[in-house]
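>>> could you look at this predicted model? Sequence included:
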Amino acid sequence: MHDLVAIGEVMLRLSIPSPARIETVHQLDVQIGGAEANVAAACARLGLRAAWISAVPASAWGDRIRRELTGHGVDCAHVRVVDGARVGVYFLEFGVPPRPIRVLYDRRDSAFARLTPEAVDWEPVRRARLVHLTGITPALGAGPRQLVERALREAVAVSFDLNYRSALWAPAEARAFAEEALPAARHVFMGESEARTVFGLDGPAEATVEALARLAPKATIALLQGQAGSTVLAEGRLWRPSRAHTVHVVDPVGAGDAYVAGFLWATLNGRGPQESADAGAAVAALKCSTWGDVALIDARDVADLLAGGTDIRR
């Protein structure tokens, strides 16, 4: 039995180092990245038994993806290897302020987009303590959407991160699907801007999490607020990280996934909402200090940071 099973796509991440742009770059930095696998990898590095269910092409790129995630400690035994398929790619352009980070996707007809529920072994999902899903997967097409719908029926407990992507679907479509998924979720994660864009929730954080709780009545709700931290609604009250961390941001991509991993790691280890919020904030901060989508951390890194952070409750 796994502590956490994640279902989703991994792509090649091709980064254009700042200050170059796509039109001028001559070399690309190659990493792998995918929201669900990012969470699984960080959880595995923190000591949880984590597995990833997906599909990759029968190629050197598919081998590399499985090898890297296995190296982080993720069980990839249930990843399908598909002949004649491709791996999705995304290009990441790091801007120097005032230019923002920009992302260009090339993921159509990937191996994962072809994956159907009939091709998946659902036993690990049924036996997992928690199954992690995001709103990215159902936006990729009929097959991936059916995977998420099946997982919602098969799983004992579900973690759902909205992870809205405007390049994949409109806010109304994302909201319609989320309203189907949220009632089944045990944990819900959502960025403040996502709550505003998809659900029209633009009030104070307290009002936003309370509104989301009405859509997900069984869930702990975590609203991610960037540098402002997070607001968690659990056990009938609000919680916020108790410590602030000074961060030299090397790469912010994947920070939200890192927060989710830290929060779920603490929760699955029996910690309460306060410690889970603190762990999520610590793993997110540590991730921002490293390059790539995956948080290259371990439990000692988290403990050291929490021991040295500034207690903002005083």
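On my side now, so go ahead. Nothing here was measured: the structure is a model prediction, and the numbers come from that model. Numbering: from 1, shown residues only.
>>> let me see the contact set for residue 81.
55-58, 62 (Cβ atoms under 8 Å, 6 or more residues apart in numbering). Backbone N, C-alpha and C define where each C-beta goes, glycine included.
>>> for PyMOL, write a command that selects the buried ones of the residues you listed.
Burial among these is assessed by 16 or more other Cβ atoms under 10 Å; the matching PyMOL selection reads:
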select buried, resi 55+56+57+62
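>>> so of the contacts of residue 81, which two are at opposite extremes in space?
55 and 58 (10.2 Å; Cβ to Cβ).
>>> shared neighbours, the two?
With Cβ under 8 Å, 6+ apart, residue 55 and residue 58 have common neighbours 81-82, 85.
>>> name the nearest of these relative to residue 272.
Using Cβ to Cβ, those come closest to residue 272 at residue 81, 40.9 Å.
>>> residue 32 touches residue 9, doesn't it?
No - distance between residue 32 and residue 9: 10.7 Å, which falls outside the contact criterion (Cβ atoms under 8 Å).
>>> look at the two and report which has more neighbours.
Shown here are residue 32 and residue 9; by other Cβ atoms under 10 Å, residue 9 has more neighbours (25 against 22).
>>> in the stretch 1-150 of the chain, which spans are strands?
Assigned strands in the stretch 1-150 of the chain, in chain order: 4-7, 11-16, 29-33, 50-53, 55-57, 80-82, 89-93, 102-106, 130-134 (criterion: DSSP state E, counting those that start in this stretch).
>>> same question, the stretch 201-314 of the chain
220-224, 230-234, 237-239, 243-244, 310-311.
>>> most tightly packed of those strands?
Among the strands of the stretch 201-314 of the chain, ranked by average contacts under mean count of other Cβ atoms under 10 Å, first place goes to strand 220-224 (a mean of 25).
>>> residues contacting that strand, please?
For strand 220-224, contacts defined as Cβ under 8 Å, 6+ apart pick out 186-192, 195, 205, 208-209, 212-213, 230-234, 256, 259-260, 263, 267, 273, 277, 280.
>>> tell me the angle it makes with strand 230-234.
Interaxial angle of strand 220-224 relative to strand 230-234 (axes from the mean of the first three to the mean of the last three Cα atoms, to 10 degrees): 170 degrees.
>>> hmm, back to that, the contacts of strand 220-224 in helices, which ones?
Residues of the contacts of strand 220-224 located in helices (DSSP state H): 192, 195, 205, 208-209, 212-213, 256, 259-260, 263, 267, 273, 277, 280.
>>> I'd like to know which of those is nearest to residue 148.
residue 260 (16.2 Å).
>>> residue 91 versus that closest one, what's the distance?
From residue 260 across to residue 91, the span is 24 Å (Cβ to Cβ, to the nearest Å).
>>> give me the below-cutoff pLDDT ranges for the chain.
Within the chain, the set of residues satisfying pLDDT under 70 comprises 309, 312-314.
>>> let's see it at 80
In the predicted model of the chain, residues 309-314 satisfy pLDDT under 80.
>>> now the common contact residues for residue 32 and residue 9.
Contacts common to residue 32 and residue 9, judged by Cβ under 8 Å, 6+ apart, are absent.
>>> could I get the strands of the stretch 1-150 of the chain as a markdown table with distance to residue 310?
Compiled in a markdown table, the strands of the stretch 1-150 of the chain are given as follows (distance: least, Cβ to Cβ, whole Å):
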| stretch | distance to residue 310 |
| --- | --- |
| strand 4-7 | 30 |
| strand 11-16 | 32 |
| strand 29-33 | 30 |
| strand 50-53 | 31 |
| strand 55-57 | 42 |
| strand 80-82 | 46 |
| strand 89-93 | 31 |
| strand 102-106 | 32 |
| strand 130-134 | 30 |
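>>> so which of these is nearest residue 304?
strand 50-53 (22.3 Å).
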